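J.: Build me a structure from this.
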Amino acid sequence: MTQILFQGINADDLVKQIAERVTADVAKAVQRNSPPLLTDREETARLLNVSVSTLDKLVRDNVVPSTQVGKKRLFDPQEAAEALKRNGRQSKPAAMVQPLVITSLN
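T.: From the prediction side, this is the model:
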């Protein structure tokens, strides 16, 4: 068996650095290949700061893209925000809206 010697780094640090790099590269690949998160009408309207009826009208007018899955209409919030922006409509972009996180039920 051949022995490889590294100068300036011990074996534990080398393993740690390799693991960190592999983890980062895998996370990038997963993010790049993951389908977008889809939201329903109510959540999309909330993220865009418009009413559900306004969102429905924007879909009918082919301003905001959506996907029909069974009886549900689903949206990519980022695409919806970009579509509003392209059409000169004001909204809060989905990427800027922070999700509500409940840390305690007390």
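
J.: pLDDT below threshold where in this protein?
T.: Across the chain, the ranges flagged by pLDDT under 70 are 1, 33-36, 90-106.

J.: How about the secondary structure of Gln68?
T.: strand (DSSP: H, G, I helix; E, B strand; the rest coil).

J.: contacting residues for it?
T.: Leu74 (C-beta atoms under 8 Å, 6 or more residues apart in numbering). To be clear about C-beta, it is placed using only N, CA and C from the backbone, and glycine gets the same treatment.

J.: And it, how far from Leu55?
T.: 14 Å (C-beta to C-beta, to the nearest Å).

J.: Same question for Val22.
T.: 42 Å.

J.: With Leu47 instead?
T.: On the measure of C-beta to C-beta, Leu47 and Leu55 end up 10 Å apart.

J.: Same check on Ala27?
T.: 32 Å.

J.: and the longest helix for the protein?
T.: Looking across the chain with DSSP state H, the single longest helix is helix 11-33.

J.: thinking again about what came up before, and Ala27 and Leu55? which has more neighbours close in?
T.: More crowded of Ala27 and Leu55, by other C-beta atoms under 10 Å: Leu55, with 24 against 10.

J.: For the more buried one, what is the enclosing helix or strand?
T.: Secondary-structure assignment from DSSP states H and E places Leu55 in helix 52-60.

J.: gap between that helix and the chain center?
T.: 22 Å (C-alpha atoms, centre = their mean, to the nearest Å).

J.: Could you do stretch 12-26 as well?
T.: 25 Å.

J.: Having no further points to raise, I will conclude here.
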